[in-house]
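Peer 1: Give me a model of this one.
(one chain, ligands or ions: 1)
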Amino acid sequence: MDKFLIRGGRPLHGRVEISGAKNSALPCLAATLLTSETVILHNVPYVKDLITQRRLLEDLGATVLTPELRTQKITASHIQTFEASYELVKTMRASVLALGPLLARFGKAKVSLPGGCAIGTRPIDLHLKAFEKLGASVSLESGDVVATAPKGRLAGNDIEFEKVTVTGTENVMMAAVLAEGKTTIRKAAREPEIVDLADLLIKMGAKIEGSGTETIMIDGVDALGGAEHSIIPDRIETGTFITAAAITGGELEIAKCRPDHIEAVIEKFRETGVNIEIVDETTLKVRRDSKGLVGKDVTTEPHPLFPTDMQAQYMALMTQAEGTSEIIETIFENRFMHASELIRMGADIHISGNRATVNGPTRLTGARVIASDLRASASLVLAGLAAEGETIIDRVYHIDRGYETIVRKFRALGADIERLTEQIEENAPEN
Ligand code: UD1
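Peer 2: Have a look, this model is predicted:
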């Protein structure tokens, strides 16, 4: 299993370019199942989850051209099966995003029910209830979700989510675009990835209004066609590099990003004393003020508030801030597993339910630590970059799921980080 070896204590300097958003590319790839025509996607990040998503499309019968590059042409004209296997779903929960498009275009879909995962139980009951509202019958057979549209086509309806769900909103949007009649999704997620998916679907011929707001209105059409679309920059990768500049006391130019997608993160980091300049619509300059950082409380909430996917990185930063900060996680249970590893590196953190109290600043020292999920891994890399001495992070396959060429990017900024056994990055294209 791959490990990272980090020799910390070097401030990072230079310019880094942000990759395409994993969480946008995943539903956009799934959306290609909605048409028999070719969809061209640019800026697809070269990360494990996207390799898995492409495999899912190919298993279903789609052809994917140039899977080794960031531009991919996907044609789902000869779909042979309507089933996403347990083998795929167990490695990537986002495989459930195949349900909506398959159900919409073919009137049937079978996807293994994702099990529990490191950051909580993560059910998909809200997706399934919404499909039922669109007229599907949904049953559970030997661990698989089997959904069918009785007359082969879904029917538009009014759907109100009990809780904001990102992939749930995406799945239902993809189901409703080919349903008969109008669908209104209330309490919809408002993440930039929802807007990106809606933009792609609209280019394919879908009629969607209100993406990015709580109410999305969709007028179903009979068929969708080909389109060309560029995936938005990854806002969580952007936030991770902001944290990297701040935690190492360096100065970074972060290019090809979308500052308007991470306003809550920028605001919170500024409160703690991180200097963030919005240079233009796609560029940020970040440095840590000489007076140091101040601990500030944060609560994770659905977009546009502070994202749960930045909570672990923020916790690493707070170990270096003066005073006490309380971090409240409201989206996922069990999403503090990085805390015990940060404590092993010298952090002073107390967990009580969904509340973490960080007392800082504490001197971090290198240690052997284990990555438990994607964003937890990022927080350990950040802590390792700030720590004195050597940090070895085990199970970095988690980070490969969502961060493109992370070692290459950090090394170019002056970090002393290496992968102890090389895999994914060697195959990644240069640009
Ligand atoms: C997506 C992101 C993930 C991010 C999360 C929250 C992708 C591929 N993943 O995950 O990186 O951390 O949004 O911003 O985009 N819930 C239910 N029933 C459901 C669905 C969700 O109870 O049917 C609950 C979840 O357990 C969680 C909350 O709703 O407590 C929000 O989850 P959701 O927004 O669905 O997360 P994902 O879409 O899985």
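
Peer 1: Which residues does the helix or strand that contains G100 contact?
Peer 2: For G100, the enclosing helix or strand under DSSP states H and E is helix 99-106. Helix 99-106 is contacted by residues 30-31, 33-35, 60, 79, 82, 84, 108-109, 111, 127, 131, 136, 145, 147-149, 152, 154, 170-179 when judged by Cβ atoms under 8 Å, 6 or more residues apart in numbering. C-betas here are computed from N, CA, C, even on glycine.

Peer 1: out of those, which are buried?
Peer 2: Under a neighbour-count criterion of 16 or more other Cβ atoms under 10 Å, the subset of the contacts of helix 99-106 counted as buried comprises 30-31, 33-35, 60, 79, 82, 84, 109, 111, 127, 131, 136, 145, 147-149, 154, 170-179.

Peer 1: circling back: out of the contacts of helix 99-106, which touch the ligand?
Peer 2: The subset of the contacts of helix 99-106 within reach of the ligand, counting by Cβ under 6 Å from any ligand atom, consists of H127.

Peer 1: Looking at the contacts of helix 99-106, which are in strands?
Peer 2: Here DSSP state E is the test, and the contacts of helix 99-106 give 84, 108-109, 111, 145, 147-148 as lying in strands.

Peer 1: mind listing the strands for the stretch 151-300 of the chain?
Peer 2: Under the criterion DSSP state E, counting those that start in this stretch, strands of the stretch 151-300 of the chain are mapped to 158-160, 182-186, 207-209, 216-219, 227-230, 251-255, 274-280, 283-288, 298-299.

Peer 1: so which of those strands comes closest to the ligand?
Peer 2: Proximity to the ligand (Cβ to the nearest ligand atom) singles out strand 158-160 among the strands of the stretch 151-300 of the chain, at 12.4 Å.

Peer 1: List the buried residues for the closest one?
Peer 2: Neighbour-count burial for strand 158-160 [16+ other Cβ under 10 Å]: I159.

Peer 1: Ok, stretch 257-269 next?
Peer 2: Under 16+ other Cβ under 10 Å, the buried positions of stretch 257-269 are 257-259, 261-262, 264-266, 268-269.

Peer 1: Just the CA atoms of that stretch, as CSV, please.
Peer 2: The C-alpha trace of stretch 257-269 is given here as CSV (Å, rounded to 0.1, in the frame of the first residue of the first chain):
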residue,chain,number,x,y,z
CYS,A,257,-9.7,28.3,-9.4
ARG,A,258,-13.1,29.9,-8.7
PRO,A,259,-12.9,32.1,-5.6
ASP,A,260,-16.7,32.7,-5.9
HIS,A,261,-17.3,29.0,-5.2
ILE,A,262,-15.5,29.2,-1.8
GLU,A,263,-16.6,32.5,-0.3
ALA,A,264,-17.4,31.0,3.1
VAL,A,265,-14.0,29.3,3.2
ILE,A,266,-12.2,32.5,2.2
GLU,A,267,-14.1,34.5,4.8
LYS,A,268,-13.4,32.1,7.6
PHE,A,269,-9.7,31.8,6.8
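
Peer 1: Spit out the contact partners of L65.
Peer 2: Counting by Cβ under 8 Å, 6+ apart, L65 makes contact with 72-75.

Peer 1: rerun at 7 Å
Peer 2: When the contact criterion is Cβ atoms under 7 Å, 6 or more residues apart in numbering, the partners of L65 are 72-73.

Peer 1: Show me what it is bridged to.
Peer 2: K73 (DSSP bridges).

Peer 1: and the gap between it and the ligand?
Peer 2: Here L65 is placed at a distance of 24 Å from the ligand (Cβ to the nearest ligand atom, to the nearest Å).

Peer 1: same deal with V358?
Peer 2: 21 Å.

Peer 1: how close does the residue nearest to that residue when sequence neighbours are not counted sit to I236?
Peer 2: Nearest in space to V358, with sequence neighbours left out and distances taken as Cβ to Cβ, 6 or more residues apart in numbering, is M318 at 4.2 Å. Between M318 and I236 the distance is 17 Å, computed by Cβ to Cβ, to the nearest Å.

Peer 1: Up against the ligand, what does the stretch 301-431 of the chain have?
Peer 2: For the stretch 301-431 of the chain, the residues in contact with the ligand under the definition Cβ under 6 Å from any ligand atom are 307-309, 331-332.

Peer 1: quick one: which of those has the most company?
Peer 2: If you count neighbours using other Cβ atoms under 10 Å, the busiest of those is D309, which has 24 neighbours.

Peer 1: low pLDDT regions in this protein?
Peer 2: By pLDDT under 70, the weakly predicted segments of the chain are 115-121, 422-427, 430-431.

Peer 1: What are the structural domain limits within it?
Peer 2: Listed by automatic domain parsing, the domain ranges of the chain are 3-19+233-427, 22-230.

Peer 1: Near the ligand, which residues of the stretch 101-250 of the chain? Just list them.
Peer 2: Counting by Cβ under 6 Å from any ligand atom, the stretch 101-250 of the chain comes close to the ligand at 120, 122-127, 163, 165-168, 193.

Peer 1: Can you redo these as TSV, where the extra columns are distance to T324?
Peer 2: Formatted as TSV, the entries for those read as follows, by distance: Cβ to Cβ, whole Å:
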residue	distance to T324
G120	26
R122	30
P123	34
I124	37
D125	37
L126	36
H127	39
K163	30
T165	32
V166	31
T167	35
G168	35
E193	33
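
Peer 1: Out of the residues you listed, which sit inside helices?
Peer 2: In helices, defined here by DSSP state H, the members of these are 125-127, 166-168, 193.

Peer 1: Among those residues, which one has the most neighbours?
Peer 2: Neighbour counts for those peak at E193, which has 27 neighbours (criterion: other Cβ under 10 Å).

Peer 1: Verify the contact between it and G20 for me.
Peer 2: No: applying Cβ atoms under 7 Å as the test, E193 and G20 come out as separate, 10.9 Å apart.

Peer 1: ok so, going back, so which of the buried ones among the contacts of helix 99-106 are in helices?
Peer 2: By the criterion of DSSP H, membership of those in helices covers 30-31, 60, 127, 131, 170-176.

Peer 1: Cheers, nothing more for now.
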